[in-house]
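Student: Test case, fold it:
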Amino acid sequence: MLRWQDHFRPLLESADGLETGALTRFLDTNTFYRAPKATGEPRLREALGERYVAPLPGPRLVTLPSPFALSQGTDLSPKEVAEGVLKPALEGIDAELVVLAEPFLPREDKPQLDGLAEALDALDGKLALWLEFGDAGPALRSGAADLPVEAIGIDFYATHLDDVPEGFGKLLLAGVLDARNSLAEEPRELASFAERLSQRAERIALVPNGDLQYVSEPFAREKLARLGKAKTATTEAAA
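Tutor: Next comes the predicted model:
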């Protein structure tokens, strides 16, 4: 999926009732995307073919926009875009895990999760909700930990550790690499943070807090290398 211009474009180009809208700055990054625009009832016209999804010998991890993100500015509900676009798109992709990127919900002061919960219920497969590039605290306090997904991703550059509910039962995708900064993280600091986080969540995966496309490839590779060293440091501390 490295050929995708953004998370929205493949779906907008393959669906009726949705089209690319105004060129819009993506949050506080130095990138832009064509914001979704509704023109009618959203329906996926064709499966996402090899143009977007390269053939692989086995299951893959797929990142798509969450129903809430895809519905932003369209006057459509998250459930409408989930049933009409995201669900048929997922049915045509062999994915072991589907990560639903959600950069807008963490920027809501008082997020309402009922509509998102209904939309997620309409989707099949193993799902992760990625609350990227924002404070997940309000969403967690509103019950995000109870949403029908297998995992939740949290940006810990914007979210305080104490906002994670004690006894967090889902897989926690801990965003400990800053995808918008070229500074390479210190592995032992990451390992120390993971140890503190393990007091609140039993299952933790250390990940970036967003797509690493926002830094150049050499910095992205170094950040991932540091993440591997942090895992080794965590394992050694547990020994």
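Student: just checking, next helix/strand downstream of the helix or strand containing Leu116?
Tutor: Under DSSP states H and E, the secondary-structure element containing Leu116 is helix 114-121. The helix or strand immediately downstream of helix 114-121 is strand 127-131, counting by DSSP H and E.
Student: what about the lengthiest strand in the chain, distance to the chain center?
Tutor: The strand that spans the most residues within the chain, counting by DSSP state E, is strand 32-44. Centre-to-centre, strand 32-44 and its host chain are 19 Å apart (C-alpha atoms, centre = their mean, to the nearest Å).
Student: what are the pairing partners of the helix or strand following that strand, and which direction each?
Tutor: Sequence-wise, the next helix or strand downstream of strand 32-44 (DSSP H and E) is strand 60-65. Taking DSSP bridges as the criterion, strand 60-65 forms sheet pairs with strand 95-101 (parallel).
Student: what separates the closest residue to Phe219 other than its chain neighbours from Ala201, distance-wise?
Tutor: The shortest distance from Phe219 to any residue other than its chain neighbours is 4.4 Å, reached at Ser182 (C-beta to C-beta, 6 or more residues apart in numbering). Just so you know, the C-beta spots here come from the backbone N, C-alpha and C atoms, and that holds for glycine as well. Distance from Ser182 to Ala201, counting by C-beta to C-beta, to the nearest Å: 29 Å.
Student: Look at those two and report which has more neighbours.
Tutor: More crowded of Ser182 and Ala201, by other C-beta atoms under 10 Å: Ala201, with 21 against 13.
Student: how about the strands in the protein?
Tutor: Counting by DSSP E, the strands of the chain are 15-25, 32-44, 60-65, 95-101, 127-131, 151-155, 171-177, 204-208.
Student: would a markdown table of those strands with mean neighbour count be doable?
Tutor: Below are the strands of the chain laid out as a markdown table (neighbours: other C-beta atoms under 10 Å):
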| stretch | mean neighbour count |
| --- | --- |
| strand 15-25 | 16 |
| strand 32-44 | 17 |
| strand 60-65 | 19 |
| strand 95-101 | 20 |
| strand 127-131 | 26 |
| strand 151-155 | 25 |
| strand 171-177 | 24 |
| strand 204-208 | 20 |
